[in-house]
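Student: have a look at this prediction, sequence included:
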Amino acid sequence: MSTAPPSRPSSFAEPRRTSAASARLKSRPTSAAVDSGDARAAIGLTRKSSTTTTTETRTERRNLEERLIRRTRPKSPPKAREAESGRAGRGGGERERVRRDEKVERDGGRSDSAAWASQATLLAPTATTAPLACRVSIPPLSRHAPVAIAPPSLSGFSLEEQERAVIDDLLFVLMGFEGQYITYTPSYSPFDEKSRLIGPTFRIAHGLDPSLRDLASGMLKTATHHAALDIFVEALCSEESGTVNHALCAAIRKLLKDYLILIAQLEHQLLTNPGFTLHQLNLHLKPTSHMMQQLYSLAQEVLKENSMLGDVEEEDVDASDDFENILESLREGRDSAMPGKKSCKGGSTLRLLTRRLQSSAGDPAATQLLTTLLRESSRPYMRMLNEWLHHGNVRDPHSEFLIREAKSIRREGLQQDYTDEYWEKRYTIRPELVPPQLEGLKERVLLAGKYLNVVRECGGITPTDMETQKDDIPLTFDDPRFLKNVSTAYAFANTSLLHLLLTTHALPSRLKSLKHYFFLDRSDFFTYFLELSSSELRKPAKNVNASKLQSLLDIVLRQPGSVAAEDPFKEDVRVELSDTGLTGWLMRVVNVQGMDADASALSLHYNTSGRDDSNPSKEISGYEALTLDYAVPFPLSLIISRNTLTRYQLLFRYLLSLRHLEVLLTQSWTEHTKNPAWIARRSRKNKAVSPEVIARQRQVEVWKRRAWCLRARMLCFVQQLLYFCTSEVIEPNWAGFMARLASSAKPEGGEGLPEQQQQQQQQGTEGTKRTVDELMQDHVDFLATCLKECMLTNSKLLRINSKVMSTCTLFANYTAALTRYLSPSNQNSNPNTAEDPPIDPAKLTKMFSLLSQYEDHFARHLKILLDALNYLAATETVGFLGLCGRLSMAGEGGGGVMGGGGGGVGGVGV
């Protein structure tokens with residue numbers, strides 16, 4: 001925007017003054033007297049209603065235009081005002097000075113003025129320019145102006161002239177422009193972003209009276225604050241700054257507008273009141289200076305938190321949050337911020353405002369100002385909060401809300417997700433964006449939106465339910481209904497989701513169905529299934545036909561009279577084959593999670609060099625690989641997630657291994673009681689038999705009794721362990737879990753069973769305060785307790801128990817081999833013959849050696865297991881004490897039997 005023509009000499013600041021004054025004439029009120037009692041006490045002046053007539057207004061405007069025209073002439077402002085006021089005595093000197101300045105301009109000043117080019121241009125808008133940002137180019141600096149248009153020195157002016165010149169300059173400096181005698185310091189550069197954000201510093205020309213200099217220097221701080229706030233508002237109006245910063249800038253922009261109105265009123269006083277002094281100007285600016293100082297301090301703190309001043313070390317931020325933000329920005333085509341850059345927006349800005357408000361308790365003006373800024377800045381945040389609380393939606397395009405939504409995690413992955421990412425990571429809290437007003441309520445805020453989101457996705461909330469909640473919704477943090485709004489939304493969301501899970505989707509029936517299939521509760525159908533599929537399950541796991549097993553299971557589940565025949569969820573059960581043994585799987589889980597840290601003090605001299613289920617080179621059978629899977633629809637998959645289903649499968653495979661081992665030992669007992677080789681006894685009436693043969697026959701009978709005793713001890717061990725796991729671990733914990741589930745489904749004031757109420761009082765639970773997350777935690781705790789008390793979470797117990805069960809399995813599988821060793825001695829036996837066939841001493845020695853190995857392995861590993869259980873019962877799990885008492889019966893008589901084989905062959909061992 002070009003100002004004065006080149007042929008007319010003027011000072012470097014006068015073109016801007018003319019344009020600025022002309023613009024203010026169009027918006028300036030006709031009369032603006034100072035009234036200290038008006039409502040705008042924050043800036044010190046108010047605007048009175050106009051009482052002048054049209055003629056007076058036109059006369060005043062004409063006088064002002066004449067004065068502005070005279071101010072563009074190349075003479076000092078005090079001289080121009082002195083000529084206007086009719087002062088005499090210096091007319092000749094003034095005319096001589098004007099002629100001298102015109103001559104300098106004609107001689108050499110014209111080329112310098114043309115080179116300086118005192119003008120500004122209108123910049124074109126860009127994609128990154130904020131809508132309300134200033135688009136006027138930066139004006140040239142006064143220190144680059146030619147000497148020809150420099151103003152006269154202040155030392156040649158009287159005190160009154162100096163005061164008028166300083167007031168005139170201050171009015172422009174307070175609006176962000178340089179004056180004739182008050183200019184920027186050389187260290188300030190308007191082209192440096194950091195310098196502009198900190199604000200310009202000014203210097204006053206030499207020759208000014210010290211008292212006037214002191215007053216002017218105090219008011220220059222306000223000019224610095226105003227200029228810095230102008231740039232601050234423009235800098236934080238960009239899109240990536242967020243809506244909360246936009247609202248803060250809008251509130252600051254309103255205050256800056258009132259500030260400019262004050263400057264216009266002060267200029268009106270200067271032009272119309274000849275007695276207007278610098279001291280009066282300072283008094284009028286005092287309240288506004290305090291306000292500007294508070295705003296400037298706040299703006300500088302926000303800029304430091306945003307790392308825009310370059311003097312703050314950047315802190316580490318959540319890399320996953322940056323990654324999600326970058327992905328969303330790329331999908332939507334927006335520019336993304338640099339990862340790892342510190343930012344202050346949203347909840348961080350509100351936290352900063354709240355902290356400053358708390359620290360300004362002794363300053364009423366600052367408290368009122370910061371309260372207003374906090375109220376206006378919190379409106380966008382409250383809109384996002386209400387949308388989350390009452391609709392379950394996250395409308396946060398600038399990542400400034402306390403809830404972060406990971407849109408890449410979808411509910412379709414719940415069937416394959418072993419980490420519960422949908423519930424745990426789909427919606428998370430950003431701790432750095434939680435304002436202090438929500439610090440104690442952030443968990444409730446998170447759960448309220450998560451619950452409502454699930455209910456809304458399942459169609460459990462009608463639009464009418466949402467509309468009824470819009471009546472009493474607060475819009476700011478200082479609203480008295482703020483806390484009640486969060487509590488009401490949380491209670492409504494929790495009740496809705498509980499009703500959806502427990503009533504609409506029948507969660508208790510689903511859990512009972514899981515118990516039937518995975519815990520082998522009333523498992524007549526499963527026993528029948530094992531009988532039908534025994535030929536298939538005896539194969540190696542890689543050769544088992546899973547489709548055939550699934551068909552057999554479907555037939556069994558539909559068998560009339562079975563418990564599963566009436567189960568409405570039997571279609572969701574599927575057969576799966578694992579490629580890893582139970583012990584190997586559990587060992588990997590335990591070693592990763594460190595669940596056996598408390599048992600590290602066990603000093604068990606245990607040789608782990610033997611092969612067990614954790615050995616990947618060992619092929620597992622179909623029995624060891626068999627497991628079940630269960631299809632769970634949404635939203636029940638939040639409670640019965642893939643993670644919890646894995647724990648069900650671990651317990652199922654452990655119980656199945658115990659049940660299968662019991663069947664093998666029972667079959668061994670059948671073999672011992674029906675096979676002639678085991679039930680035949682030597683005849684003692686035959687006197688022709690030599691004493692040697694009789695001694696060997698007695699040794700065979702001793703060997704049989706030792707085998708029977710060992711089989712009985714193993715069967716006792718397996719049955720006691722199976723009874724402990726089912727009746728003393730799973731059943732009591734299941735009853736407690738179902739009692740808590742019933743208390744969650746029970747409405748407030750409902751009647752329940754007295755036993756359940758007593759149990760809830762003992763456990764410290766209250767039915768009226770149950771939440772969905774507590775229900776999920778109860779389910780996880782139930783399964784974790786069962787795994788721990790079944791010895792499936794401790795690596796040492798896993799190894800020892802695996803060894804004992806492997807010994808029992810080998811003994812049961814080698815019953816037929818032992819029968820073959822025994823059969824040759826009885827295959828030709830006949831009670832009517834005179835003598836029995838001879839018994840091979842070498843084979844008899846080998847029979848005692850094999851049996852001694854089984855006895856030694858079983859007794860040694862059982863003793864180690866009992867010692868470990870006694871230690872853990874004394875340190876962490878008291879329930880193991882009862883198991884020790886039960887399993888000790890399996891170890892009774894072992895030493896006596898082994899010792900009874902004393903002389904000769906009985907002493908052979910490993």
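Tutor: Nice, thanks for sending it over. Numbering: from 1, shown residues only.
Student: which strands and helices sit next to the longest helix seen in the chain?
Tutor: Determined from DSSP state H, the single longest helix within the chain is helix 841-875. If you count contacts as 3 or more Cβ pairs under 8 Å, 6 or more residues apart in numbering; DSSP states H and E, helix 841-875 packs onto helix 691-723, helix 795-813, helix 815-822, helix 880-891, helix 894-900. Quick note: C-beta positions are derived from backbone N, CA and C, even for glycine.
Student: residue ranges of the strands in the protein, please?
Tutor: Remark: strands assigned in the chain by DSSP state E are 182-184, 202-204, 403-405, 427-429, 573-577, 626-630.
Student: before we move on, the earlier item: now the longest helix of the chain: mean pLDDT?
Tutor: Rounded to a whole number, the mean pLDDT of helix 841-875 is 85.
Student: out of the strands of the chain, which comes closest to residue 378?
Tutor: Nearest to residue 378 among these is strand 403-405; the distance by Cβ to Cβ comes to 16.1 Å.
Student: that closest one pairs with which strands, and in what direction?
Tutor: strand 427-429 (antiparallel) (DSSP bridges).
Student: can you give me the buried ones in the partner strand?
Tutor: 427, 428 (16 or more other Cβ atoms under 10 Å).
Student: against residue 812, how distant is residue 666?
Tutor: Using Cβ to Cβ, to the nearest Å, residue 666 is found at 9 Å from residue 812.
Student: these two - which one has more neighbours?
Tutor: Counted by other Cβ atoms under 10 Å, residue 666 and residue 812 do not tie: residue 812 has more neighbours, with 24 against 15.
Student: skip the chain neighbours and tell me the closest residue to that one.
Tutor: Distances taken as Cβ to Cβ, 6 or more residues apart in numbering place residue 664 nearest to residue 812, at 3.7 Å, with adjacent residues excluded.
Student: one more: residue 889?
Tutor: residue 716 (5.9 Å).
Student: my read: the one you found touches residue 862, true?
Tutor: No: Residue 716 is beyond contact range of residue 862, at 10.7 Å (criterion: Cβ atoms under 8 Å).
Student: need the overlap of contacts for the two.
Tutor: Here residue 716 and residue 862 have residue 890 as joint contacts, going by Cβ atoms under 8 Å, 6 or more residues apart in numbering.
Student: of the two, who's got more company?
Tutor: Neighbours were counted for residue 716 and for residue 862 using other Cβ under 10 Å; residue 862 has more, 23 against 17.
Student: distance check, the more buried one against residue 659.
Tutor: Computed with Cβ to Cβ, the distance linking residue 862 and residue 659 is 20 Å.
Student: the residue nearest to residue 812: neighbouring residues, count only.
Tutor: Residue 664 has 20 neighbouring residues, counting by other Cβ under 10 Å.
Student: what does stretch 542-562 rub up against?
Tutor: Residues contacting stretch 542-562 (Cβ under 8 Å, 6+ apart): 524-526, 528-529, 532-533, 536-537, 564-565, 567, 570, 573-577, 619, 622, 625-626.
Student: which of the residues you listed are buried?
Tutor: 525-526, 529, 532-533, 536-537, 564, 567, 570, 573, 575, 577, 622, 625-626.
Student: so which of those residues belong to helices?
Tutor: Taking DSSP H as the definition of helices, the buried ones among the contacts of stretch 542-562 contribute 525, 526, 529, 532, 536, 537, 622, 625.
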